[in-house]
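Participant: What follows is a predicted protein model with its sequence.
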Amino acid sequence: MAAGPGTVKPSVTRQPTNIICRAPLLRFTRGLGMSNAGAGAGRQWGGKMRAVSAASSSGQPLLADAAHREEIRRLAQSSLSNCLTETHLDLSVPGLGSKSRGKVRDIYDAGDYLVLVTTDRQSAFDRVLASIPFKGQVLNETSLWWFDKTQDITSNAIVCIPDPNVTIAKKCTVFPVEFVVRGFVTGSTETSLWTVYNKGIRNYCGNVLPEGIVKNQKLPVNILTPTTKGIDHDVPVTPKEVVELGLMTQEEFDEVSSKAFRIFAYGQKVALEHGLLLVDTKYEFGKGADGSILLIDEVHTPDSSRYWIANSYEKRFADGLEPENVDKEFLRLWFRNHCNPYEDKALPEAPEELICELAWRYIFLYETITNSKFQIARSEEPIHDRITRNVARAISSL
């Protein structure tokens, strides 16, 4: 929620996991019921960015703090059979409505609110590819951090975070448009900027692109490439088409696109301060009951965004090498190299090593951006039971 003149921005507090969330505060825990990843070594994670060197396109490991990385990979491997892949809160939480299942999130109707459970499902190419340990928690916490940091730019729909994997948000009218902001020409999906540019397209979503661009090149200015939110596939559109199709009014589009550019510029600034490049991302917005524009869904997560290591980008670009990425792009590249992820009905199973490496990269990104230690929720209680308990308490307090 944005802070206006004379108001105090809500802060993110760290309290026990069974905390009852009360609007409008953003609440979450890093106390009881949580476990320090790698705490046995007595290591404090934070401070300056560690030197990183890897060939990420081939799936080789990012070498930050090697001991910390190996500890996370070990924990991920031991948790492969305990990923959160499905939830059934409509059956376990009294008063909660039916479930809508997205690629990654399970969404439940709670009257004036929505309960969004971020699972460990990993999607790309418009389908689920694998389950990644701790991924849902990483996405939820990363988004919470960015939602809090961007409140001066735009209001958001967040009410509270009652569980490591759960966000409760205000119900709003969602604009059927994804606002994709790009700072580089890259990507491997059908709608990525490099894919369409490499096909010879020079006018994309209303942006005129010059000749001579090569993959992973930085754009002179950030650009917006909106897409419609299709059931199976997102469809690129121009700003003019967004209005002509009745998806948004011109005033709404202008306001939202301005917010998207500002959030992205801020994200790039913060990322660079932490040794990363925010390459591109997507935002979703809705309109609240009072008509205000609200940022929704997720912000600058490794699912919705591409991140590269900053200090190696220029040399690797000059040498024609893929940047060191800290997101799901290297998983996309692996599937691209082993199948046709858009057309093949059955896909190969991602190797355990790849899955554990992705778990590490997601945690590495969270810790690098937030400058705080990621704490894995303890497993004494089944994940679904923990979520049920926390959501039930939160719903009763709204």
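Facilitator: Structure received.
Participant: Report the separation between residue 305 and residue 279.
Facilitator: Residue 305 sits 7 Å away from residue 279, going by Cβ to Cβ, to the nearest Å. Just so you know, the C-beta spots here come from the backbone N, C-alpha and C atoms, and that holds for glycine as well.
Participant: all strands for the stretch 1-150 of the chain, in order.
Facilitator: Along the stretch 1-150 of the chain, the stretches classed as strands by DSSP state E, counting those that start in this stretch are 12-14, 26-28, 34-36, 99-101, 105-110, 113-118, 121-124, 127-131.
Participant: ok, of the ones you listed, where does mean pLDDT dip lowest?
Facilitator: Per-segment mean pLDDT for the strands of the stretch 1-150 of the chain reaches its minimum on strand 12-14, at a mean of 32.
Participant: what comes up buried for the lengthiest helix in the chain?
Facilitator: Looking across the chain with DSSP state H, the single longest helix is helix 250-273. Across helix 250-273, burial judged by 16 or more other Cβ atoms under 10 Å covers 252-253, 256-257, 259-261, 263-264, 266-268, 270-271.
Participant: now swap in stretch 148-159 and tell me
Facilitator: Result for stretch 148-159 [16+ other Cβ under 10 Å]: buried residues 148-151, 153-159.
Participant: Which pair in those has the greatest spatial separation?
Facilitator: Based on Cβ to Cβ, the longest span within the buried residues of stretch 148-159 runs between 153 and 159 and measures 19.0 Å.
Participant: Return the subset of the buried residues of stretch 148-159 lying in strands.
Facilitator: Using DSSP state E, the subset of those located in strands is 158-159.
Participant: Would you mind putting the buried residues of stretch 148-159 into JSON lines with pLDDT and distance to residue 209 alongside?
Facilitator: JSON lines is the format used below for the buried residues of stretch 148-159 (pLDDT from 0 to 100; distance: Cβ to Cβ, whole Å):
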{"residue": "148", "pLDDT": "98", "distance to residue 209": "35"}
{"residue": "149", "pLDDT": "98", "distance to residue 209": "31"}
{"residue": "150", "pLDDT": "99", "distance to residue 209": "28"}
{"residue": "151", "pLDDT": "98", "distance to residue 209": "34"}
{"residue": "153", "pLDDT": "98", "distance to residue 209": "27"}
{"residue": "154", "pLDDT": "98", "distance to residue 209": "28"}
{"residue": "155", "pLDDT": "98", "distance to residue 209": "33"}
{"residue": "156", "pLDDT": "99", "distance to residue 209": "32"}
{"residue": "157", "pLDDT": "98", "distance to residue 209": "34"}
{"residue": "158", "pLDDT": "98", "distance to residue 209": "36"}
{"residue": "159", "pLDDT": "98", "distance to residue 209": "41"}
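Participant: Checking the residue lying closest to residue 116 once chain neighbours are set aside next. Helix, strand or coil?
Facilitator: Using Cβ to Cβ, 6 or more residues apart in numbering and skipping the chain neighbours, the partner closest in space to residue 116 is residue 167 (4.7 Å). Using DSSP: H, G, I helix; E, B strand; the rest coil, the structure places residue 167 in strand.
Participant: per-residue pLDDT, residue 167?
Facilitator: Looking at residue 167, its pLDDT reads 99.
Participant: Was I right to think it contacts residue 118?
Facilitator: Yes: Residue 167 is within contact range of residue 118, at 7.3 Å (criterion: Cβ atoms under 8 Å).
Participant: so what sits against both of these two?
Facilitator: residue 140 (Cβ atoms under 8 Å, 6 or more residues apart in numbering).
Participant: can you pull the alpha-carbon coordinates of stretch 318-328 into PDB?
Facilitator: In PDB, the C-alpha atoms belonging to stretch 318-328 read as follows (Å, rounded to 0.1, in the frame of the first residue of the first chain):
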ATOM      1  CA  ALA A 318      32.300  -9.600 -25.800                       C
ATOM      2  CA  ASP A 319      33.400 -13.200 -26.000                       C
ATOM      3  CA  GLY A 320      30.000 -14.400 -27.300                       C
ATOM      4  CA  LEU A 321      29.200 -16.300 -24.200                       C
ATOM      5  CA  GLU A 322      25.800 -16.600 -22.400                       C
ATOM      6  CA  PRO A 323      25.600 -14.300 -19.300                       C
ATOM      7  CA  GLU A 324      25.700 -15.900 -15.900                       C
ATOM      8  CA  ASN A 325      22.000 -16.100 -15.000                       C
ATOM      9  CA  VAL A 326      20.400 -16.400 -11.600                       C
ATOM     10  CA  ASP A 327      16.900 -17.300 -12.700                       C
ATOM     11  CA  LYS A 328      15.100 -20.200 -14.500                       C
END
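Participant: buried ones in it?
Facilitator: 322-328.
Participant: one step back: which neighbours do residue 305 and residue 279 share?
Facilitator: With Cβ under 8 Å, 6+ apart, residue 305 and residue 279 have no common neighbours.
Participant: buried sites along stretch 180-198?
Facilitator: So stretch 180-198, judged by 16+ other Cβ under 10 Å, has buried residues 180-189, 191-197.
Participant: Which of the residues you listed fall in helices?
Facilitator: Using DSSP H, the members of those that fall in helices are 193-197.
Participant: Tell me the helices and strands packed up against the longest helix of the chain.
Facilitator: Helices and strands touching helix 250-273, by 3 or more Cβ pairs under 8 Å, 6 or more residues apart in numbering; DSSP states H and E, are helix 135-149, strand 177-185, strand 217-224, helix 239-244, strand 276-287, strand 293-296.
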